[in-house]
Structures are given as structure tokens and as C-alpha cells.
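Peer 1: fold the following for me, if possible:
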Amino acid sequence: MLTEKQKLVLAELRRNSRMNLEEIKKRLNMPKSTVARQIKSLRRLTMRNVSLCDFSKLGFGLRVAFIAGCEEGSIKLQEFLKSSSKVNSIQAVNTKNKLFFECFFRDFGEYEHFSEELLRNGALGVKPHYVLEELKSEDFIVR
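Peer 2: Below is the predicted model:
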């Protein structure tokens, strides 16, 4: 369980992980030593610091979220997805042998090629969902 101070500091770091102690101190009206202590205590919770990209500005205008199954015990699809440069994230979901994964493509041709590769690598019942607009992302704050 997080303390109130930890929650406040974590919220600031979730907004901008590059914020320095002085900036956090000012935003929270908290002593610098307290902020430093809270950050140190939060390290055990941090998986990694990342930069969030606007992939459309990098030329990847097509974003697709997939749900696909695979044969029980098969890791071929997972290995393919983990090695693909088109895949941003992969999650196992509550439906047996199903994966949820998000991909970015420059154009529909790349998407078509990737879809064919999915089938060659054991994907079953592939359901693509075309993401039209991101309404909220990476904004969860522990309260």
C-alpha cells in the first residue's frame, strides 16, 4: 500500500518521469529530502522509464489492436510476436490460449504482410481492431 506522499510523488513522475527533485518539490510544496526519500521508496515499483511516442508523427499511421488464439502449448506465435518490429505490446488475456497485441504499420501493405505472417506462425481466429483515435493513454494514477 502506498502512503499519501508516495501517491503524490508517483503521480508527478507518471506525468513526467524526467522531472527533477526541485520541480517535484515546487509542484507538491514538499521538502526536497522528502521527495528524494519517496522516489527511493518507489524504485521497487518502477519497471522502467520510457518515452511515449506519437507513432503517427514517425510515419506509422495505421494502429491495430489484435486478439488472436493459438494451439494449446504452442509458443510459435508468441515467439513471432516478440521478435516482430511491428508489435508494440503483447498481453495474455483471460480467454484460454488468446493473446492481445498492439501493432503499428506505415501502410496497409505492411499490415497485410504482417497478417499473413500471423497465420503462418499459428495464429487462429485473428480479430483486428483498427484504432482510430487514442482517447487516453498511460494516465492511471494510484489514488
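Peer 1: for the residue sitting furthest away from the middle of the chain, give me its contacts.
Peer 2: In the chain, counting by CA atoms, centre = their mean, residue 31 sits farthest out from the average C-alpha position, at 32.3 Å. Residue 31 makes contacts with residue 25, as judged by CB atoms under 8 Å, 6 or more residues apart in numbering. Every residue, glycine included, has its C-beta placed from N, CA and C.
Peer 1: what ranges do the strands span in this structure?
Peer 2: 62-69, 87-92, 98-105, 124-130 (DSSP state E).
Peer 1: return the per-residue confidence for the closest residue in space to residue 141 that isn't next to it in sequence.
Peer 2: Excluding the flanking residues, the one nearest residue 141 by CB to CB, 6 or more residues apart in numbering is residue 11, at 4.6 Å. In this model, residue 11 is scored at 88, pLDDT.
Peer 1: and for residue 90?
Peer 2: pLDDT for residue 90: 96.
Peer 1: use 575 as the first number for this chain going forward.
Peer 2: All right, first residue 575 from here; so that's residue 664.
Peer 1: hey, what's it bridged with?
Peer 2: Assessed by DSSP bridges, residue 664 has beta-bridge partners residue 675.
Peer 1: return the distance of the residue nearest to the spatial centre of the chain relative to residue 612.
Peer 2: By CA atoms, centre = their mean, the chain has its centre lying nearest to residue 663, at 5.9 Å. Computed as CB to CB, to the nearest Å, the residue 663 to residue 612 distance reads 28 Å.
Peer 1: ok, residue 688 next?
Peer 2: From residue 688 across to residue 612, the span is 43 Å (CB to CB).
Peer 1: fine by me, we can end here.
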